[in-house]
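> Sequence plus predicted model, see below.
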Amino acid sequence: MISFDEFSRSVKEQLEIMNPEAEVVIRKVNKNNVQKSAISIIDKGDNSVVSVDGTEVVATPAFYLEELYSDDMSSEDITLAAICIHNNNKESKISTAELELVKLIKEFDRAKELLVFQLINTEKNKELLKKIPHRPFLDMSIVYRMVVSIEDNQIASILITNDVLKEWGVTEADLWKTAEENTPKLHPAVCTGMNQLLEMLLDEGEFKKVVKIVGDTAIEDDSMIVVSNIYHNMGAAVILYKDILESIYKMTKHDLYIIMNSVNEFIVFSNGDKKKVDIEDLRTMTKIINSTMLSEEEVLSDEVYHYDGETKELTVVK
């Protein structure tokens, strides 16, 4: 049995042999809800490391060692992991255009056009939140990112830290004002019925299996709406868009109950005339999704939320 530290040390040593002209660095990176060990290969003379107020922003590919590790790995398995990182690093080099965008992080007046917000869980990210500008939103926190690239619905972005904020000479309120305007434009909202969503995500055979299990009525139930952005990435933040919930309320003509299906989307349930929302069922559904269907990084909240169409208030259901 090999420990994670032994595995990390061995991979680093093998990468140093494969890349004698480069520096191999392992950094602790705070991801959503978790901290991971990221290994990067930085070529000598590489200008993809940008210094912001004394803190380095590394714009080279990062590979998370936890995703390659298991305690029963053989020496051959470890070598294969190192080779995999080495080969993928060559293919994943950041483009000149992307690097220029990363360098914008030193200048707020230029970077602000790419600034967006994201929602993360407050309790699970207490340590991370000490290092980054944020504002509370119910049991979650709003944080800020600078978008570097979007390809195949994958959004590459840089989390804005307190060091970056200091370098820019702006306040969190400035970030909020900018991101509030930018995010709906850069990441437009999309609302999808359950039927449409499943048809997009599943092939014809899988779709028929789901219909057979839950029935046509459940699939065609228009009281359930999935909300995200067009990239289905960081889409739970759409709930912050001005008038989004009011628009859904006007469409359904009933109060709304909401669960955060992941950091990428949320589901809206309408408390209709014929079918009342069962809060405990929603709580159970949310906990099952979060514990069995999502990675730890994708989890946003276990709570159920209520939107009152008359008061236009969103609250946590107690």
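Cool, the structure landed. Residues are numbered from 1 along each chain as shown.

> which neighbours does the helix or strand harbouring residue 119 have in its sheet, and in what orientation?
In this structure, residue 119 sits in strand 115-121 according to DSSP states H and E. Sheet pairing for strand 115-121, assigned by DSSP bridges, gives strand 140-151 (antiparallel).

> Can you show me the CA trace of the strand it pairs with as PDB?
The C-alpha trace of strand 140-151 is given here as PDB (Å, rounded to 0.1, in the frame of the first residue of the first chain):
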ATOM      1  CA  MET A 140     -24.200  30.400   0.200                       C
ATOM      2  CA  SER A 141     -21.600  32.900  -0.700                       C
ATOM      3  CA  ILE A 142     -21.100  34.900  -3.900                       C
ATOM      4  CA  VAL A 143     -17.500  34.900  -5.200                       C
ATOM      5  CA  TYR A 144     -15.900  36.300  -8.300                       C
ATOM      6  CA  ARG A 145     -14.000  34.900 -11.200                       C
ATOM      7  CA  MET A 146     -12.300  36.200 -14.300                       C
ATOM      8  CA  VAL A 147     -13.200  34.100 -17.400                       C
ATOM      9  CA  VAL A 148     -10.100  33.200 -19.500                       C
ATOM     10  CA  SER A 149     -11.700  30.900 -22.100                       C
ATOM     11  CA  ILE A 150     -14.900  28.900 -22.900                       C
ATOM     12  CA  GLU A 151     -14.500  25.700 -25.000                       C
END
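
> after the strand holding residue 119, next one along is what?
The C-terminal neighbour of strand 115-121 among helices and strands, as given by DSSP H and E, is helix 126-129.

> Note down every partner strand of the next helix or strand after that following helix and its orientation.
Moving toward the C-terminus from helix 126-129, the first helix or strand encountered (DSSP H and E) is strand 135-137. With DSSP bridges as the test, strand 135-137 is paired with strand 140-151 (antiparallel).

> Pull out the buried residues from the partner strand.
By 16 or more other C-beta atoms under 10 Å, the buried positions in strand 140-151 come out as 140, 141, 142, 143, 144, 145, 146, 147, 148. Quick note: C-beta positions are derived from backbone N, CA and C, even for glycine.
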